[in-house]
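> Structure of the sequence below:
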Amino acid sequence: MTWVNKNGAAGGDKLRLLVVEPGPALYRKSLFGALCELPDVQVSFASGMGASADWAKRHCGRAIEFSYKDGGLAEAVEKFREQTGASFDGVLTYTEAAVHHTNELSHLLGVPVISRFRDRSIRNKGIAREKIARVTDAQPWFRRLANESALKTLLKEELRFPLIVKPAEMMRGLAAVRVENKIQLKAAYFRASNADFWNEKLRPRFEDISNEVLVEELIEGPEYGVEVMVQHGKATVLGITKKYLCSGNTFEDAGHCFPAPDVPAKTRAQIEDLMRKVHAGLMIENSLTNAEVRVRENKVYLLEINCRITDDRVSDLIEKAYGISLARILADLHCGRAVDWAPPGKVSVPYEIRFLSTEKEGRVISISKPSLPKEVEYENHLACGSLLYRGGLEGASRLGHAIFPMGHWKAHADNWTIQSPTHWENSTYGSEPIFVFEALYSDLTTLFPLFKKADGDSLSTLRRRHALNPGAHFFAASAERRELLAAAQVLPLCVGPQDPLLNRRLYLERSVESAHFKRPGKPNVLHVLSLAVSDAAPKDARAILLRGLLKWASRQGFNTLREVHPTPGYAIEANHLKSFKEYYEGLLSRKYPEEFYTVALELGGKAKGFVKDYFHSPVRLGSELHNYGVVIEYDLRQLP
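Below is the predicted model of the structure:
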């Protein structure tokens, strides 16, 4: 399928360029927008990422949607050609996941290719290392672990620690970690082999991301990014980027500076020579690439190479420092036009990007605008209400970033307030991460539909209870969908065993007055007055919220938690019972598989819910509607 006209652009006066995967808007919108604004280029894009690529349609209406599972990119482009008669002069991607798909499509279309190799070596770091080893020894000792058997073989050998363990494909440093011994190495292997971005789920989407893990020697020394332009196999170093890493055992970037101000001439010459060898070893033909190197004892070592333009908004720094358009260079490279440009010898001032990061998990509840010099471009990555979650992996989450001339600002995250969850765990239904939080007063309007559906409470009642006790409301939220799943009203009350009036108010009307807080003695019983669940929630959302309440109540020093557990009237009919009392007696003997029997056991404690009381009364005097339910009691002293 060679669709490029021999006489020039496939579309007449304009070059027709296909961008495969426009990528996340936060990092790529400026580059994609610049490509679409080139006057002599007509851009189309193809994406198999679903709705996450919809932002690109605001810049370009020519979209090819496909699935990586159903025949892939080439089939979709062929169908697009048949329907529209369109052809392309070039194909490019700046998204790691799509690199080898794009390269293969370029071979099929007869347009400039990324690499003459048509295998996974331009995406798989392990395969790339083996090919690079044929042309240079300037890389760390490494070992590819294709499976658990390879791990067992490696663990039998004498190893020199510390080592680095990381996924062999993609993941932008996710799960890359320093290990000090074989126990840590084994644990890191299993994390790396299945690492994925929890909010993107790339592995099931692409289906071809290898579970292979790379173990390599740790090279101590300053780290740099190397930005390279390759055309017709000739590699030219555009510039060198200084990298700043987060503290700790992970290798996430805290920021970048371009061009790096601290690279001696001899080191620069080594880097340029190494880049020529590496690109020749991978047979890279046409691309902007990004390599990562470290310098130890005056020798440059290659850490990895990415066959696409640099990430993390470093392209913005290059354009500002050099005054060039990388979109122009990309379009010309991948459409076969000669790029007549060389990097300048000097720049007036380097530019930096710094990321504001946190190791906390939880909910962003406030962001105050930092005091910024006029030279600083600042952008938040999250908004109030956003949930921070790392899927159980170490490291930091990015809150925002700032771009500025070197030395004009010092980034910090003091203007962010993050509320840590009281509890979180994954749902067993789809492994959805669920957080449990204390509700703020401002949350009540959002929570109200859940409570209203559960027991008809008014918003004014919720607010009154919140005023009586700020910790009176809790909710569970999906970190993945950013939706509320469940909510509960909880109140610490001094409740005597012989208090029928209070019991009636709690269990039937669910109405609490300020007088209930004035009883003598410290409240040691936490009452869950209602626990409501949304229709969209997974089946165990209710149990997860209750487990969070149990842990919170235990930490607060309560001895007992009692949950008012309404039971649908059809439970009686379903079990062919004559009365609710008979159902209650069955609950006492654990005849029915109700979740409250085991919810506390799942926390690792000995406490278990048991039926303490039951109620069966009309909702209102004279009403034919009946209110069924039981009171479940948990002994918090048995929790770990």
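> Helix or strand: which one has Arg16?
strand 15-20 (DSSP states H and E).
> helices or strands up against that strand?
Packing partners of strand 15-20 (3 or more CB pairs under 8 Å, 6 or more residues apart in numbering; DSSP states H and E): helix 25-37, strand 41-47, strand 90-92, helix 99-109, helix 326-335. Any C-beta I mention is one placed from the backbone N, CA and C, and that applies to glycine too.
> Can you show me the CA trace of the fourth one as PDB?
The C-alpha atoms that make up helix 99-109 are tabulated as PDB, following Å, rounded to 0.1, in the frame of the first residue of the first chain:
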ATOM      1  CA  VAL A  99       5.900   3.600  18.200                       C
ATOM      2  CA  HIS A 100       6.200   0.200  16.600                       C
ATOM      3  CA  HIS A 101       2.700   0.300  15.300                       C
ATOM      4  CA  THR A 102       3.500   3.600  13.500                       C
ATOM      5  CA  ASN A 103       6.800   2.300  12.200                       C
ATOM      6  CA  GLU A 104       5.100  -0.800  10.700                       C
ATOM      7  CA  LEU A 105       2.400   1.400   9.100                       C
ATOM      8  CA  SER A 106       5.100   3.600   7.600                       C
ATOM      9  CA  HIS A 107       6.700   0.600   6.000                       C
ATOM     10  CA  LEU A 108       3.300  -0.500   4.600                       C
ATOM     11  CA  LEU A 109       2.600   3.000   3.200                       C
END
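> pLDDT of stretch 183-196, averaged?
Averaged over stretch 183-196, pLDDT sits at 88.
> from the chain's centre, how far out does it sit?
With CA atoms, centre = their mean, to the nearest Å as the basis, the distance from the averaged C-alpha position of stretch 183-196 to the chain average is 18 Å.
> Tell me the buried residues in it?
Buried residues in stretch 183-196, defined by neighbour count with 16 or more other CB atoms under 10 Å: 184-186, 188-189, 191-193, 195-196.
> If you rank every helix and strand of the chain by mean pLDDT, what lands last?
Considering only helices and strands, the least confidently modelled element of the chain by mean pLDDT, DSSP states H and E is helix 500-504, at a mean of 42.
> one step back: JSON lines for the buried residues of stretch 183-196, including secondary structure?
Conversion of the buried residues of stretch 183-196 to JSON lines gives the following (DSSP: H, G, I helix; E, B strand; the rest coil):
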{"residue": "Gln184", "secondary structure": "helix"}
{"residue": "Leu185", "secondary structure": "helix"}
{"residue": "Lys186", "secondary structure": "helix"}
{"residue": "Ala188", "secondary structure": "helix"}
{"residue": "Tyr189", "secondary structure": "helix"}
{"residue": "Arg191", "secondary structure": "helix"}
{"residue": "Ala192", "secondary structure": "helix"}
{"residue": "Ser193", "secondary structure": "helix"}
{"residue": "Ala195", "secondary structure": "coil"}
{"residue": "Asp196", "secondary structure": "coil"}
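> Beta-bridge partners for the closest residue to Asn469 other than its chain neighbours, please?
Sequence neighbours aside, Leu491 is the residue nearest to Asn469 in space, at 5.8 Å (criterion: CB to CB, 6 or more residues apart in numbering). As for beta bridges, Leu491 partners with His527 under DSSP bridges.
> re the thing from before, could you look over the helices and strands packed on strand 15-20 and pick the most buried one?
Burial among the helices and strands packed on strand 15-20, expressed as mean neighbours by mean count of other CB atoms under 10 Å, is greatest for strand 90-92, which shows a mean of 27.
> where does the stretch 501-640 of the chain have low pLDDT?
Along the stretch 501-640 of the chain, the model assigns pLDDT under 70 to residues 501-523, 565-630, 639-640.
> Check the stretch 101-250 of the chain too.
Applying pLDDT under 70 to the stretch 101-250 of the chain flags residues 171-174, 197-200, 204.
> now the strands for the stretch 451-600 of the chain?
473-478, 483-493, 525-533, 560-566 (DSSP state E, counting those that start in this stretch).
> Tell me which of those sits most buried.
strand 473-478 (a mean of 24).
> Without its sequence neighbours, what residue ends up closest to Thr236?
Across the structure, with CB to CB, 6+ apart as the measure, the residue nearest Thr236 apart from its sequence neighbours is Met229 (4.9 Å).
> Now do the SS call for Thr417.
When the structure is reduced to helix, strand and coil (three-state DSSP), Thr417 reads as strand.
> Next one: it from Ile367, what distance?
Using CB to CB, to the nearest Å, we find Thr417 at a distance of 8 Å from Ile367.
> which of those two has more neighbours?
Per other CB atoms under 10 Å, whichever of Thr417 and Ile367 has more neighbours is Ile367, with 17 against 13.
> who's the more buried one bridged to?
Here Ile367 shows beta-bridge partners Trp416, assigned using DSSP bridges.
> Surely Ala396 and Leu356 touch.
No. Checked against CB atoms under 8 Å, the pair Ala396 and Leu356 is beyond contact range at 9.7 Å.
> got a list of what the residue nearest to Thr236 touches?
Applying CB atoms under 8 Å, 6 or more residues apart in numbering, one finds that Met229 lies in contact with 235-236, 238, 288, 329, 333, 339.
> what residues are up against Ile318?
Contacts for Ile318 were tallied using CB under 8 Å, 6+ apart; they are 227, 238-239, 258, 310, 324, 326.
> Double-check that it belongs to a helix.
Yes. Checked against three-state DSSP, Ile318 lies within a helix.
> how close does Lys410 sit to Ser371?
Using CB to CB, one gets 11 Å for the distance from Lys410 to Ser371.
> Gln139 too?
Summarising the geometry, the distance separating Gln139 from Ser371, computed by CB to CB, is 44 Å.
> One more: Lys320?
Lys320 sits at a distance of 22 Å from Ser371 (criterion: CB to CB).
> Gly90 too?
In this structure, Gly90 and Ser371 are 45 Å apart, going by CB to CB.
> Could you do Leu531 as well?
If you go by CB to CB, the gap between Leu531 and Ser371 works out to 44 Å.
> just Lys182 next, same as before
With CB to CB as the criterion, Lys182 and Ser371 are 49 Å apart.
> So what touches stretch 127-143?
The set of residues that contact stretch 127-143 without belonging to it, under CB under 8 Å, 6+ apart, is 117, 119-122, 126, 144, 150, 154, 164, 214-219, 274, 277-278, 280-282, 299-305.
> any idea how far it is from the chain center?
Offset of stretch 127-143 from its chain centre (CA atoms, centre = their mean): 31 Å.
> got the end-to-end distance for that stretch?
Taking CA to CA, to the nearest Å as the measure, stretch 127-143 stretches 10 Å from start to finish.
> Could you list the buried residues of that stretch?
Buried positions in stretch 127-143, judged by neighbour count with 16+ other CB under 10 Å: 127-129, 131-132, 136, 138-140, 142-143.
> before we move on, which element is Val436 in?
strand 433-438.
> strand partners of that strand, parallel vs antiparallel please.
Strand 433-438 sits in its sheet next to strand 423-426 (antiparallel), strand 473-478 (antiparallel), going by DSSP bridges.
> Show the residue spans covered by the helices in the stretch 151-300 of the chain.
With DSSP state H, counting those that start in this stretch as the definition, the stretch 151-300 of the chain shows helices at residue ranges 182-193, 202-206, 265-281.
> Quick one: distance of the first one to the chain centre.
Relative to its parent chain, helix 182-193 has a centroid offset of 21 Å by CA atoms, centre = their mean.
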